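> Have a look at this fold, sequence not included:
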């Protein structure tokens, strides 16, 4: 029976990951790391442990990062939401990488599978803040040499429910989405639940490589394959 830790569980993808792992009978313990506790009304409440932390002082919460078989990280923000480039990088890069280092250290000799939700178009050499930062995170996670590292690069995320604070470009993209998906059903967008299902499926049926990146179409394919295979 597996134990996993979640970062970013209040976000769009993270909420779906939480739903999947809480319903999964193969996972015995789920620890969430966040700034506040959430109201959880789903199944298997007894296996949920909510750890409230100060991300500026993560080292003080080492115990919460111990003893896990897997970590799911969908923590992230945008420059607009963060309030500027410096705040964006602190949340999107520093919080993620610092947490990953702690998880790696506290795992010791225990094998651990780390999952990170990045983004389509990630490029460490990009002149633009968002793709460059995501590229730097991917490299630093790879350099940590987890036993298994899975990086997901979803395209435009199709949310469950309303999309709060949508940017103009996203609004335009979603207006055009039905027409675009007619020609490329898996190329330009993906439901957040599909990303979550693919990750949890890969926890139980991992790739052979130590580290692997899944682009948008591959995420669709992986989730579909696991759905067709069914749960044990």
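Structure received. Fair warning: this is a prediction, and the values are worked out from it, not measured in the lab.
> rest of the way, CA atoms for contacts and neighbours
Will do.
> Quick one: mean pLDDT for stretch 134-141?
Mean per-residue pLDDT for stretch 134-141: 98.
> gap between that stretch and the chain center?
On the basis of Cα atoms, centre = their mean, to the nearest Å, stretch 134-141 is displaced by 14 Å from the centre of the chain it belongs to.
> Now do the buried residues in that stretch.
Buried residues in stretch 134-141, counted by 16 or more other Cα atoms under 10 Å: 134, 135, 136, 137, 138, 141.
> Also stretch 68-81?
Buried, per 16+ other Cα under 10 Å, within stretch 68-81: 68, 69, 70, 71, 72, 73, 74, 75, 76, 77, 78, 79.
> Same question for stretch 199-218.
Buried-residue list, stretch 199-218, by 16+ other Cα under 10 Å: 199, 200, 201, 202, 203, 206, 211, 214, 215, 216, 217, 218.
> Output the residues you listed as a markdown table; include the columns distance to residue 85 and secondary structure.
Formatted as a markdown table, the buried residues of stretch 199-218 follow (distance: Cα to Cα, whole Å; DSSP: H, G, I helix; E, B strand; the rest coil):
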| residue | distance to residue 85 | secondary structure |
| --- | --- | --- |
| 199 | 29 | helix |
| 200 | 32 | helix |
| 201 | 35 | helix |
| 202 | 33 | helix |
| 203 | 33 | helix |
| 206 | 35 | coil |
| 211 | 29 | strand |
| 214 | 27 | strand |
| 215 | 26 | strand |
| 216 | 26 | helix |
| 217 | 30 | helix |
| 218 | 31 | helix |
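> Identify, from those, the entry nearest to residue 22.
residue 200 (10.8 Å; Cα to Cα).
> quick one: strands adjacent to the lengthiest strand in the chain?
Assignment by DSSP state E gives strand 27-34 as the longest strand of the chain. Strand 27-34 has its sheet partners listed here by DSSP bridges as strand 2-7 (parallel), strand 48-52 (parallel).
> Determine which stretch of those strands is the most buried.
Among the strands paired with strand 27-34, strand 2-7 has the highest mean neighbour count (mean count of other Cα atoms under 10 Å), at a mean of 22.
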